[in-house]
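[1] Dropping a prediction and its sequence here:
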Amino acid sequence: MKRICFALLIALGTPCFLAAETLDPIMEPAGVPQENISGDVSELFGDSAWFGRYRPHFGYRYEAGDTVGRIGGLSSFDAFFPVIEGNDSDWLMFIDARLLLGDDNHNLGSNVGLGARQYIPEYQRTIGAYVYYDTRDAGYANFDQVSGGIETLGDIWDARLNWYVPTGTRRKQYNTTHVNNGGSYQFIGHYLYGGTFTRYYQAAMTGVDMEAGAKFYTNDYMDLRAYAGWYHFQASGSPQAWGWKSRVESRISDVVSLNLSVQNDRVFDTTVNFAVGIQWPSITGLRNGPRSDLKAWDRLGESPERLRTIVVDNQEIQDPNGGLIINPATGNPYYFMHVATGGNSDGSYEDPYATLAAAFADPRTQQGDLIVYDHRNGSETGNFVLADNTQVLSEGPAQFINTNIGSIQLPGSGTGINPAITGSFTMSNNSVLSGFDITTTSGNSIIANNVGNIRIANSTITNTSTGAGINLEQVTGTITVENTPILKTNGRGLRVLGGDADITFTNSTITTNNGSVSVDIQQNAGSVQLGQLNITDSNYDVFISSSSANVTIEELNSTNSVNGPLYIEHHTGSVTLNGGTFNGSSTGVYVNDAQNVTVQNVTMNAPTNYGINANDVTNFNFSNNTINNAGQDAIEVTNASGTGTISNNKIHSIVTAFDNAIEVTTNGNITLNIDNNTIDSLIAIGNNGIDVTTNSGNATVNIRDNQITSIADAFGDAIYVTNNSTGNMNTTITGNMITNTLAGFGDAITYHGTANGVMTTNISNNTINSTAGLFGNGINVIYDNGSATTTISQNTIDSDDVGNLFGTSIYLNLNTTGTTTSYITENIISDDNNAALFTDGIAVDIDRGANNTLFINKNKIAQYGGVFDDGIEIVADTLSGASANVQIHDNILNGSAGIGGRGLDVFTSFGSNSLLLDVMGNNTDTSLYFEAVLGGEILVEDLPNLQINNNGASITTIGNVQNAP
């Protein structure tokens with residue numbers, strides 16, 4: 001029988017089959033009392049003849065913590081099967097199998113082993129050997145291995161040696177990372193490498209472990225054994241793991257075991273592992289046998305102690321050259337064609353081409369999807385055509401490319417010296433040109449025709465031909481020009497024809513002279529954003545026509561433009577000019593049939609015609625401009641609609657005569673804001689300051705906080721508004737400062753309603769001064785048609801010197817059959833100590849209509865004296881007949897020491913004119929005068945007490961003046 005056991009030990013795995021055999025009764029070995037081994041596990045297997053003393057048992061074991069080659073806990077479901085047992089139960093062949101479940105991602109593994117043990121009575125020791133087939137799902141790779149071992153087990157001392165050999169796939173790469181760590185980059189051949197490139201592997205390790213130990217404590221319930229040993233594992237790509245280990249094992253009973261192990265090596269560092277195992281039935285199958293103090297003979301039926309999972313190292317290996325740099329747009333590596341002085345070969349970094357012409361002649365360059373990288377500081381002549389997805393770069397500027405690891409700077413770039421090219425470049429789809437000084441004497445410098453997504457950067461363009469600096473026809477996508485100034489003589493600096501690209505110039509000035517059109521934008525959509533333009537002696541500086549693109553110009557500086565610096569026609573997109581200076585132009589900005597036009601922060605000096613002339617425009621904003629000495633209107637807008645803003649402009653006439661400073665004519669629904677403008681005329685003859693005419697639609701017109709000054713010259717009306725529309729008209733004229741010095745001035749503010757619309761007019765908080773000059777009416781409001789609600793409130797109208805001649809301060813003419821309600825309240829008229837010569841303070845003519853209501857309250861007219869006609873004059877003497885209800889309360893109506901007209905003068909004549917008056921609380925140093933003749937009628941509320949109700953004023957009544965019923 002011993003020979004059979006030794007043969008099995010040598011074979012280590014020869015297959016055996018279970019054989020049914022009737023076994024003799026179990027015989028006790030020498031030295032073991034009979035009573036300790038009586039009984040068996042017949043309750044599980046009955047009296048089966050398949051098994052002898054050692055019966056199958058099952059178990060569960062959980063290992064908590066990390067160990068060599070494994071991270072996280074491990075569950076093990078065990079099964080132990082005796083295969084052949086010796087007649088005297090002193091040797092055993094067995095199968096040991098288990099299913100493994102890792103805590104990390106619940107990955108599976110397995111062990112299937114065949115082993116044999118022999119008990120040697122004379123030494124009271126068991127020796128054994130075993131071989132296993134193991135599997136493991138390590139998360140990213142599946143591994144197999146063959147493992148085995150030998151052992152010697154005694155009552156006190158144990159020792160074992162295990163070996164592990166992976167089979168099949170031993171190492172698998174499961175991931176890579178490539179990061180830009182700011183490190184170096186290098187060209188190798190036609191490719192660029194760099195960054196930190198890390199490959200991630202899982203590798204099954206070949207190895208061996210050994211331990212030896214002894215039992216150092218035992219009692220009736222448990223025993224304790226301590227072990228110490230070493231191990232060694234290795235795999236391709238990993239340092240060798242030489243380590244030590246120690247383990248304490250405790251058997252609480254024949255069915256429960258505990259393990260605590262500690263191990264350390266330079267690969268897996270220090271790991272600690274704790275395990276609990278349960279077997280059932282017991283290892284020996286003895287019901288009344290030993291529960292803790294197992295003897296060497298009893299241990300033939302226990303599972304071998306070994307590493308249950310395949311040892312796997314998670315490797316991170318960095319490439320010393322870094323990773324291959326990838327173009328994220330294509331997923332392919334960047335391919336470089338190098339050009340350098342002295343090169344004469346294939347365009348690789350080690351042997352570059354000597355010229356761009358040679359590089360472009362290479363068939364690989366013509367395929368596109370590459371970078372032509374020029375390392376020279378020299379010059380070359382030629383016309384170069386780029387293929388799709390081609391970049392042509394030089395070392396002059398710092399060159400950056402977008403890569404799979406972010407933006408990186410090309411090695412060698414940033415020298416500051418661009419190669420000089422005499423000729424041109426024709427761009428293609430997704431092409432880039434950067435770092436060249438281009439001079440063109442014939443044709444266009446940069447050509448892009450029916451292509452898209454191009455970039456031109458860090459270059460200069462000098463073109464002396466009749467061609468264009470940059471010529472773009474039917475382009476699409478994104479067109480970017482960065483840090484590339486254009487110097488152009490005798491032609492277009494930029495020409496854009498058709499297409500729908502988004503075109504952007506950044507830090508790229510266009511400077512031209514002697515051109516017919518300097519920047520020509522026609523028939524295109526998308527957007528065009530231009531930087532600084534410096535243009536001299538052109539017919540048209542910027543010409544925009546028949547397009548829907550949104551065009552933005554950051555700055556336009558123009559000198560001697562024949563037809564104007566900015567010319568816009570038939571344009572449905574938007575146009576924005578953000579700044580610049582115009583000198584010597586005809587019309588600064590001309591707009592015809594366009595919308596969404598903004599002109600701001602521009603200085604226009606002496607345009608011979610208009611500063612801004614816009615016709616048929618919808619939505620506009622003309623703000624923060626300075627216009628000096630325009631030959632005609634400084635700003636003229638005709639047929640306007642939408643939303644219009646004219647604000648914060650400075651308009652000066654010094655030695656020339658302009659027409660209107662601001663003139664707007666509307667033709668449709670509009671909201672118009674004319675605010676915070678400064679308008680002055682010096683030593684010149686001008687027309688109106690602000691002139692607005694509405695012809696159709698609904699309009700909201702705001703004229704606010706403007707300063708209009710006439711000095712030593714003749715000026716027309718300061719503000720003149722005419723409403724010819726039958727729609728709703730809402731007009732606010734407020735906060736304006738109007739001053740006339742030493743000169744003739746027309747009306748300060750005139751509003752004239754001519755159409756049968758609905759008007760709301762608010763003229764308030766304006767200041768109107770006339771000093772030593774001739775002034776017309778201060779505020780002049782006339783309604784020839786329509787219905788109106790009018791507020792004239794809190795205005796200050798002052799004529800300071802005796803040398804002045806002032807017309808009526810506030811004049812209201814109601815010549816309409818519509819309903820009117822008028823408020824003339826809290827105005828101050830000539831409120832100072834200086835003598836002022838003017839006609840009526842407030843004059844109201846009621847020429848038509850029977851639905852007129854007036855409130856004339858709390859006004860101060862010549863509060864400190866003056867020479868005037870009447871303080872308040874109300875007249876209804878039309879042949880067509882008119883009537884009104886008038887309230888006159890709490891006014892101050894003074895003359896100058898009695899020199900002047902009446903404080904209040906009310907007059908009616910003819911039979912169909914009638915006035916109903918409520919006069920109360922007024923103060924006057926002259927008189928209150930009422931005259932109704934030729935059939936006219938005046939009804940005064942509380943006529944008998946009229947003098948008392950007006951602070952003792954002198955009362956004069958003539959004709960048909962009666963107490964109101």
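    Right, received. Where do you want to start?
[2] Now do the closest residue to Asn453 other than its chain neighbours, the pLDDT please.
    Nearest non-adjacent residue to Asn453, counting by C-beta to C-beta, 6 or more residues apart in numbering: Gly477, 3.7 Å away. Just so you know, the C-beta spots here come from the backbone N, C-alpha and C atoms, and that holds for glycine as well. With respect to pLDDT, Gly477 has a value of 97.
[3] Tell me who's in contact with Gly477.
    Gly452, Asn453, Ile454, Ala501, Asp502 (C-beta atoms under 8 Å, 6 or more residues apart in numbering).
[4] Could you measure from it over to Ala525?
    According to C-beta to C-beta, to the nearest Å, Gly477 and Ala525 sit 12 Å apart.
[5] List the neighbouring strands of the helix or strand harbouring the residue nearest to Asn453 plus their orientation.
    Gly477 is part of strand 470-482 when elements are defined by DSSP states H and E. Within its sheet, strand 470-482 is paired with strand 446-449 (parallel), strand 452-457 (parallel), strand 494-499 (parallel), strand 502-506 (parallel), according to DSSP bridges.
[6] helix/strand/coil for the nearest residue to Ile150 once chain neighbours are set aside?
    Spatial nearest neighbour of Ile150, excluding adjacent residues (C-beta to C-beta, 6+ apart): Ala129 at 4.7 Å. Following DSSP: H, G, I helix; E, B strand; the rest coil, we place Ala129 in the strand state.
[7] Distance check, Leu672 against Trp230.
    Taken as C-beta to C-beta, the span from Leu672 to Trp230 is 95 Å.
[8] which of these two has more neighbours?
    Neighbours per residue (other C-beta atoms under 10 Å) separate Leu672 from Trp230, with Leu672 holding more: 23 against 14.
[9] Assign that one to helix, strand or coil.
    Quick answer, by three-state DSSP: Leu672 is strand.
[10] can you pull the pLDDT of it?
    Note on Leu672: pLDDT of 98.
[11] Run through the bridge partners of it.
    Leu672 forms beta bridges with Gly644, Val701, as assigned by DSSP bridges.
[12] picking up where we left off before, pull the CA atoms of the strand holding Gly477 into PDB?
    Extracted C-alpha coordinates of strand 470-482, given in PDB (Å, rounded to 0.1, in the frame of the first residue of the first chain):
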ATOM      1  CA  ILE A 470      -7.600  87.900 -48.700                       C
ATOM      2  CA  ASN A 471     -10.200  86.800 -51.200                       C
ATOM      3  CA  LEU A 472     -13.100  84.600 -49.900                       C
ATOM      4  CA  GLU A 473     -15.700  83.300 -52.300                       C
ATOM      5  CA  GLN A 474     -18.500  81.000 -51.200                       C
ATOM      6  CA  VAL A 475     -16.800  80.000 -48.100                       C
ATOM      7  CA  THR A 476     -18.500  78.000 -45.300                       C
ATOM      8  CA  GLY A 477     -17.900  77.000 -41.700                       C
ATOM      9  CA  THR A 478     -15.500  79.100 -39.600                       C
ATOM     10  CA  ILE A 479     -12.900  81.400 -41.200                       C
ATOM     11  CA  THR A 480     -10.500  82.900 -38.600                       C
ATOM     12  CA  VAL A 481      -7.800  85.500 -39.300                       C
ATOM     13  CA  GLU A 482      -5.600  86.100 -36.200                       C
END
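[13] Show me the strands in the stretch 851-965 of the chain, by range?
    Counting by DSSP state E, counting those that start in this stretch, the segments of the stretch 851-965 of the chain that form strands are 852-857, 860-861, 867-868, 872-876, 883-889, 892-893, 904-909, 914-920, 923-924, 927-933, 937-940, 954-959, 961-963.
[14] For Ala606, find the nearest of those strands.
    When the strands of the stretch 851-965 of the chain are compared by C-beta to C-beta, strand 867-868 sits nearest Ala606, at 42.4 Å.
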